[in-house]
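Chemist: quick one, fold the following:
(chains A and B)
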Number of protein chains: 2
Amino acid sequence: MGKLAETINAVEPIGEELYQTTQARLDHLTKPQGSLGRLEEFARRYVAITGRESPKIEKKTIYTFAADHGVAEEGVSAFPREVTAQMVYNFLQGGAGINVLARLVGAEVKVVDIGVDHDFQSREGLIIKKVAKGTKNMAKGPAMSREEAIRALETGIELVEEAAKQELDLLGTGDMGIANTTPSSAIAAVFTGEKVERVTGRGTGIDDETLKRKIEVITRALEVNQPDPQEPLDVLAKVGGLEIGGIAGLILGAAAKRIPVVVDGFISSAGALLAVRLQSRAKDYIFAAHCSVEVGHRAVLDGIGQRPMLDLDLRLGEGTGAALGMFLVEAGIRILGEMATFGEAGVSEAEE
Amino acid sequence: MGKLAETINAVEPIGEELYQTTQARLDHLTKPQGSLGRLEEFARRYVAITGRESPKIEKKTIYTFAADHGVAEEGVSAFPREVTAQMVYNFLQGGAGINVLARLVGAEVKVVDIGVDHDFQSREGLIIKKVAKGTKNMAKGPAMSREEAIRALETGIELVEEAAKQELDLLGTGDMGIANTTPSSAIAAVFTGEKVERVTGRGTGIDDETLKRKIEVITRALEVNQPDPQEPLDVLAKVGGLEIGGIAGLILGAAAKRIPVVVDGFISSAGALLAVRLQSRAKDYIFAAHCSVEVGHRAVLDGIGQRPMLDLDLRLGEGTGAALGMFLVEAGIRILGEMATFGEAGVSEAEE
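Modeler: Below you'll find the predicted structure:
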């Protein structure tokens, strides 16, 4: 059995009992029961995932997967293809949005070259795990081979396995890849059954004409490739992206190791949906950071089965939303760990 | 002219030009234009409020106003009245929800006794500015005199004036007062024109029977007192609360001093609505932290004219939502101050 199948099989249901006992503990803290709403939900699910009853969130890592896309040649993005590699350098220099927000929340950013069409030198903060120099143009045929799809997924899994050797409290996902909302929308259309135009948005900010072309390109890619929605690997190979595969693998690897993972925006969510289609139990390990401006995001989140934490009109990717989501998970854990109980504080409880 | 009128007159429109120039700066950073959504909105508005073009958010203070309510004797809350004072002690010991979340975001909590029915000893972190030992029962007559209403507002103003002598980058509001969703709903009904049952919720978690009684009590209070919606001071005096007045004063004082203020949940929003009715310009100085579970909150936020930052099913008050909202304002400011421009990072811009 290969690493992918092994990992999928290793994902267990989260601890239902811990979910209940943690809520009971939250109910003894000096606040009306349930009054911290979703912060309580984040705390009890974190405990149920990890099995750690008194967790502290110290070590946080965001993996930002970068890859190029053959479909960029169809003119579906507002930015030129070389921006993928340029932004990787920006990440490494600490000047991108993800660097700023990761610093704010105390998370480390690891940039993964899983398929950029550029040769990087080895460098601090950069993990070179290139599966290919970008995908092929999915409007003309499969984006990648089945073997490459498996390699992309296993790359994500291996990164978690490596990271999990040290203490690791919270993972985040992120992406960089010019044109990558195009495969994400294709994946969304296949898995949700929605029409292409219902799940295709403006990405980095394309105009009406380009949006029309993007919808045509995705429609053509689905016609040419006929991806089978029952076969997630087939979907990834035919209309996916290498970074989307890496993100899906990271999520499966995290679930197998019982590490909670905060999933960023539209591209990361396409990866998460892929992960959930490969292993439905993965859903409970996912914190969906936010609902982005991308029109297809809501349908993808519904497909994953997680309600987003934030709704801030974000559409940058990189893991920026995940960084903000990490803060909210941590807020829930701090509440659980630091608030006084009614007994400790000498506060009267609610009257029956 | 008294302090209240002086302060109301001192509130100026925020700097429209700075709003534009800050957005132009955000548009040169290495991200698609507008792709950080509301974080960009928070940053440009912060600059327009303060006039500081390269701000850093270091000194953050949350004022949690505590007061008792005569209307508690009508049995409108799930908690006994003595919990107001007990929770003040919990705040001072650092064990409450607001303490935990304020620590997480690096904010100081100042607890203001503006009307608790208990004699506190002087203590670090507690500001004793008691206007009265709680309000009177508004179901039987005015909650307070017009003089007390003015004192409550001026107490909030004075706190900002005192704090503004030192550097102060961001203010937050919070509340503690058993039964205080009852006056908040009354204020909401008067100012928004909504029916009482449309703006009255379960507060700390009351059952159906108590909710029915709460609606009846508010309806009676409005009939008995006939507050004039065109006269905000009349509304505060007749169906308000001392902490609600303090919060409204803090907001007006902050606006007069050009300090951005993050407004917490339902009770704080009732105070904010009062502030905006006293001076409509105050609206632009307000960051509405979140939309709570309280059914009337959305209508109050619409009345203020600010879209909430978060929607996390919170209903604790104390300033807990404000602490989380402060984090998001800071995230926006960090983006503005720390991200690289396209030129600095050598990243190609979008194609026209």
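Chemist: near chain B, which residues of the stretch 51-200 of chain A are found?
Modeler: By CB under 8 Å from any CB of the partner chain, the part of the stretch 51-200 of chain A that sits against chain B consists of A:78-80, A:82-83, A:86-87, A:89-90, A:93, A:95-97, A:99-101, A:103-104. From N, CA and C alone the C-beta is placed, and that goes for glycine too.
Chemist: give me that answer again for 10 Å
Modeler: In this structure, the stretch 51-200 of chain A approaches chain B at residues A:75, A:77-83, A:85-87, A:89-91, A:93-101, A:103-105, A:178, judged by CB under 10 Å from any CB of the partner chain.
Chemist: only whichever of the residues you listed are buried, select them in ChimeraX.
Modeler: Filtering these down to the buried ones (16 or more other CB atoms under 10 Å in any protein chain shown) takes a single ChimeraX command:
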select /A:77,78,79,81,83,85,86,87,89,90,91,94,95,96,97,98,99,100,101,104,105,178
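Chemist: narrow the residues of the stretch 51-200 of chain A next to chain B to those in helices?
Modeler: Among those, DSSP state H puts A:83, A:85-87, A:89-91, A:93, A:97-101, A:103-105 in helices.
Chemist: walk me through the domains of chain A.
Modeler: A:3-55+A:336-345, A:60-329 (automatic domain parsing).
Chemist: separation between the residue lying closest to A:L168 once chain neighbours are set aside and A:E351?
Modeler: Closest residue to A:L168 apart from its sequence neighbours, by CB to CB, 6 or more residues apart in numbering or on different chains: A:K59 at 5.2 Å. Distance, A:K59 to A:E351, by CB to CB, to the nearest Å: 43 Å.
Chemist: list the contacts for the residue of the stretch 101-250 of chain A found nearest chain B?
Modeler: Using CB to the nearest CB, the closest approach of the stretch 101-250 of chain A to chain B is made by A:T204 at 3.9 Å. By CB atoms under 10 Å, 6 or more residues apart in numbering or on different chains, A:T204 lies in contact with A:77-79, A:83, A:178-181, A:315-317, B:31-33, B:35, B:350.
Chemist: and if you look at A:S292?
Modeler: When contacts are counted by CB under 10 Å, 6+ apart, A:S292 is found next to A:181, A:201, A:264-269, A:298, A:300-301, A:308, A:310-317, A:321, B:35, B:37.
Chemist: got a ChimeraX select line for the buried ones in those?
Modeler: The buried residues among those can be selected in ChimeraX (16+ other CB under 10 Å) with this line:
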select /A:181,201,264,265,266,267,268,269,300,301,308,310,311,312,313,314,315,316,317,321 /B:35,37
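Chemist: apart from its neighbours in sequence, what residue is nearest the residue in the stretch 51-200 of chain A that chain B sits nearest to?
Modeler: For the stretch 51-200 of chain A, the residue closest to chain B is A:G95, as judged by CB to the nearest CB, at 2.8 Å. Sequence neighbours aside, B:A340 is the residue nearest to A:G95 in space, at 2.8 Å (criterion: CB to CB, 6+ apart).
Chemist: where does the stretch 251-352 of chain A have low pLDDT?
Modeler: A:352 (pLDDT under 70).
Chemist: which parts of it are strands?
Modeler: Here the stretch 251-352 of chain A has its strands, by DSSP state E, counting those that start in this stretch, at A:261-263, A:286-288.
Chemist: identify, out of these, the most deeply packed stretch.
Modeler: strand A:261-263 (a mean of 31; mean count of other CB atoms under 10 Å in any protein chain shown).
Chemist: good, wrapping up.
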